[in-house]
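>>> fold the following and give me the result.
(2 chains)
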Amino acid sequence: MSTADETVIVNAGDERSETARSQMEPVAYYPGCSLHGTSREFDESLRAVVQALGVGVTEIEDWNCCGASSGHTTDHLLSVALPARNLALAETQGFRRVLSPCAACYNRLSAAHLAVATQDGLAERMPEILGRPFANTVEVFNAVELLRDLIPVIEERVAAALATPNPLDGIKLAAYYGCLLVRPADVCGYDDPEQPTAMDAIIGACGADPVDWNMKVECCGGAFSVSRTASVVRLGRAIVEDARKSGAEAIVVACPLCHSNLDLRQKAMTARGDKALPVLFITQVVGLALGLPAETLGLSRHFVATEPFLADLVKRAAVREAAEQKVREEAAAKAAARAAKRAEADKAVQAGVAPSSAPESGEPQ
Amino acid sequence: MTSASSGTLAAEILQATGINAATCYQCGKCSAGCPMASESDLRPHQVMRRVMYGPRERILQDETIWLCLTCETCSARCPNDCDPARVIDAVREISLKSGLARMPRSIGAFHKAFLEQIRSNGRIHEISLVMEYKLRSGDLVKDVTNAPGMFARGKLSLRSERIDGVAEIKRIFERCGVSS
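Here you go, the predicted structure:
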């Protein structure tokens, strides 16, 4: 073997191990305030799902609030500096990527990363403002991106989890992205700002059926939940009504603000007689498809109760499974009958009786 | 192309953001998609227009600018990349700094309570945030009926989280020139 060949082989090996390493490499986890409080089920279900899928996440030590809407509404520099401290911490703690599941935090962290990389003078000023070294080397990504990249693994696991029938098989779900998860395009970049499909693809990988609907990127009123509730109810009503019209049985979100607006305030958005639509985090959906126990996914923490919905799914899955089982049993019985008939015919041929009838009865089907 | 003459709001915004408001040709696509348009006196395309032609005080004192949710629909749809969402954020910042801001009380109370929480603890503690919001806004009874349900679901923790780097956070606020 020549030296040149060897070099090629070694390089190819390096490249492969590099890809594998970056996939297996533990990522920094930035939960943000909501996931430590009102949306702790997003945190619980995310941790359960990444563990099941073999991704290591480590919470950033001493992380601070990203400033959210109140930060950027008030002061641009502050809106960059608050998230930048978290990026600096992740960098110092040895990480190359930060997972930020909350759409609002993700947006602020990613916007800060972009601003420091592109705006004049910010990269030089930041270490001074933060009082710590900061090279802006850490990339920010969200839970939808993480799960989209793991779709082959999810599909494999869902197909392998045969012990219990998949409760999500064929049920209709509305993927709701809202605003901060997909816009602005230069900050979010991983999907289309007007027609995103990543969450729909994840839902599909879970065996469910993502519906086509109109409100997937409309804003729910986000940060006005407390200060201008009437606006949130007006915006949320349009979203829930359209999801219902599309035939969805539940709405799927990846943002604590969307979740709290559509779940906690859904009662005010729903006309009398209309059935409430459960609002699930995408991580809870993946967890259910992987067969993880409902209690590890925080499904009992919602205001629109998920228990009747889940019980119904399990019942329907059992009915489906029974029907499929019946089909399988009938097919097996038919096959057995055919085999018995053939064996009888073979026996008759061997015994030399009525050889003319043998090929006919020996023919399959 | 028209450019902003110095001393105007448009010039300030151009300097702060690199966005030339004069590139807006008033097609109105931003306002057509704005979720808060029906509640606003000034819609995004009108904000863009007034940034260009003033009067300066009129826009800096407008309450509507505080209704923008920064959902970025306007900026995503703008056919000429004028980025109205970023312009509105810049207008708000100038409005605050010039002392002309007329924020609706509830929204102002929320932002102040939110930033105060970050400055003193480094993180948001939802119960304290809502309590502080109530005191600042005077809206004492709102959402009180939701609290028991949230407790029952384990969504409210009584203990606030305070980070080790609180002093660092205070310094960041100071260095960014944000006082309260």
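>>> and stretch A:134-146, anywhere near chain B?
No. Applying CB under 8 Å from any CB of the partner chain, one finds stretch A:134-146 out of contact with chain B, separated by at least 11.9 Å. All C-beta spots, glycine's among them, are computed from the backbone N, C-alpha and C.
>>> list the buried residues in that stretch.
Of the residues in stretch A:134-146, A:134, A:136, A:138, A:140, A:141, A:142, A:143, A:144, A:145, A:146 count as buried by neighbour count, 16 or more other CB atoms under 10 Å in any protein chain shown.
>>> and of these, the nearest to chain B?
Proximity of these to chain B (CB to the nearest CB) peaks at residue A:134, which lies at 11.9 Å.
>>> who's in contact with that closest one?
In this structure, residue A:134 makes contact with A:84, A:87, A:88, A:91, A:116, A:126, A:127, judged by CB atoms under 8 Å, 6 or more residues apart in numbering or on different chains.
>>> just these: which are in helices?
Secondary structure from DSSP state H places A:84, A:87, A:88, A:91, A:116, A:126, A:127 of the contacts of residue A:134 in helices.
>>> hmm, who's touching stretch A:88-100?
In contact with stretch A:88-100 (CB under 8 Å, 6+ apart) are residues A:22, A:25-30, A:32, A:57-58, A:60-63, A:86-87, A:106, A:109-110, A:126, A:130, A:132-143, A:146.
>>> again, only using 7 Å
A:27-30, A:32, A:57, A:60-63, A:87, A:106, A:109, A:130, A:132-135, A:137-143, A:146 (CB atoms under 7 Å, 6 or more residues apart in numbering or on different chains).
>>> state the distance from the residue nearest the centre of chain A to chain B.
The centroid of chain A falls nearest to residue A:282 when counting by CA atoms, centre = their mean (4.0 Å). To chain B, residue A:282 is 19 Å away according to CB to the nearest CB, to the nearest Å.
>>> for chain B, which spans come out with low pLDDT?
Residues of chain B that meet the criterion pLDDT under 70 lie in B:1-6, B:180.
>>> where exactly do the helices run in it?
Shown for chain B, the helices assigned by DSSP H span residues B:9-17, B:29-33, B:44-53, B:56-60, B:73-77, B:84-97, B:105-121, B:126-137, B:147-152, B:166-175.
>>> might you list the low-confidence residue ranges for chain A?
In chain A (pLDDT under 70), the answer is A:1-24, A:162-163, A:353-365.
>>> thinking again about what came up before, would you turn the helices of chain B into CSV with distance to residue A:241 and mean neighbour count?
Shown next, in CSV, are the helices of chain B (distance: least, CB to CB, whole Å; neighbours: other CB atoms under 10 Å in any protein chain shown):
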stretch, distance to residue A:241, mean neighbour count
helix B:9-17, 37, 19
helix B:29-33, 18, 19
helix B:44-53, 25, 22
helix B:56-60, 35, 17
helix B:73-77, 19, 24
helix B:84-97, 26, 22
helix B:105-121, 26, 21
helix B:126-137, 28, 18
helix B:147-152, 23, 13
helix B:166-175, 42, 16
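>>> start to end distance for stretch A:32-42?
Using CA to CA, to the nearest Å, the end-to-end distance of stretch A:32-42 comes to 11 Å.
>>> now find how far off-centre it is within its chain.
The chain centre lies 17 Å from the centre of stretch A:32-42; the measure is CA atoms, centre = their mean, to the nearest Å.
>>> then stretch A:121-137?
Between the centre of stretch A:121-137 and the centre of its chain there are 33 Å (CA atoms, centre = their mean).
>>> now swap in stretch A:323-340 and tell me
Here the centre of stretch A:323-340 is set off from its chain's centre by 38 Å, with CA atoms, centre = their mean.
>>> what comes up buried for that stretch?
Buried residues in stretch A:323-340, counting neighbours by 16+ other CB under 10 Å, are absent.
>>> show me how the chain divides into domains.
Answering for chain A, as no chain was given. A:3-143, A:145-316, A:317-362 (automatic domain parsing).
>>> that's the wrong chain, I wanted chain B
Per automatic domain parsing, the structural domains of chain B span B:9-97, B:105-175.
>>> show me what contacts residue B:124?
A:33, A:65, B:114, B:117, B:118.
>>> could you find the closest non-adjacent residue to it?
Spatial nearest neighbour of residue B:124, chain neighbours left out: residue A:33 (3.9 Å); criterion: CB to CB, 6 or more residues apart in numbering or on different chains.
>>> mind checking what secondary structure the one you found has?
helix (DSSP: H, G, I helix; E, B strand; the rest coil).
>>> which residues sit in contact with it?
Shown in contact with residue A:33 (CB under 7 Å, 6+ apart): A:65, B:123, B:124.
>>> next: residue A:243.
By CB under 7 Å, 6+ apart, the neighbours of residue A:243 are A:174, A:213, A:251, A:277.
>>> which strand or helix spans the first one?
Of the helices and strands defined by DSSP states H and E, residue A:174 is found in strand A:172-175.
>>> quick one: strands adjacent to that strand?
If you go by DSSP bridges, strand A:172-175 pairs up with strand A:209-210 (parallel), strand A:250-253 (parallel).
>>> with mean neighbour count added, can I get those in a markdown table?
Conversion of the strands paired with strand A:172-175 to a markdown table gives the following (neighbours: other CB atoms under 10 Å in any protein chain shown):
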| stretch | mean neighbour count |
| --- | --- |
| strand A:209-210 | 19 |
| strand A:250-253 | 27 |
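>>> residue A:42 is nearest to which of those strands?
Nearest to residue A:42 among these is strand A:250-253 (9.0 Å), distances taken as CB to CB.
>>> what does the closest one contact?
Outside strand A:250-253, the residues touching it (CB under 7 Å, 6+ apart) are A:173-176, A:199, A:203, A:243, A:259, A:262, A:277-282, A:285, A:309.
>>> swap the cut-off to 6 Å and go again
Outside strand A:250-253, the residues that touch it by CB atoms under 6 Å, 6 or more residues apart in numbering or on different chains are A:173, A:174, A:175, A:176, A:243, A:259, A:277, A:278, A:279, A:280, A:282, A:285.
>>> quick check, nearest of the residues you listed to chain B?
Once CB to the nearest CB is applied, the member of the contacts of strand A:250-253 that ends up nearest chain B is residue A:259, at 10.7 Å.
>>> and the closest one, how far is that from residue A:181?
12 Å (CB to CB, to the nearest Å).
>>> which helix or strand contains the residue of the stretch 201-350 of chain A found nearest chain B?
With CB to the nearest CB as the measure, residue A:219 is the residue of the stretch 201-350 of chain A nearest to chain B, at 3.5 Å. Residue A:219 belongs to no helix or strand when assigned by DSSP H and E.
>>> what sits closest to it if chain neighbours are left out?
That would be residue B:71: by CB to CB, 6+ apart, it lies 3.5 Å from residue A:219.
>>> among the contacts of stretch A:88-100, which are in helices?
Those of those lying in helices (DSSP H): A:32, A:87, A:106, A:109, A:130, A:143, A:146.
>>> of the residues you listed, buried ones?
A:32, A:87, A:106, A:109, A:130, A:143, A:146.
>>> test my guess that the third one contacts residue A:141.
No. Residue A:106 is not in contact with residue A:141 according to CB atoms under 6 Å; the separation is 7.7 Å.
>>> thinking again about what came up before, just so I know, which of the domains of chain A lies nearest residue B:10?
That would be domain A:3-143 among the domains of chain A, by CB to CB, at 17.2 Å.
>>> the biggest helix by length in chain A - contacts with which helices or strands?
If you go by DSSP H, chain A has its longest helix at helix A:307-350. Packing partners of helix A:307-350 (3 or more CB pairs under 6 Å, 6 or more residues apart in numbering or on different chains; DSSP states H and E): helix A:358-362.
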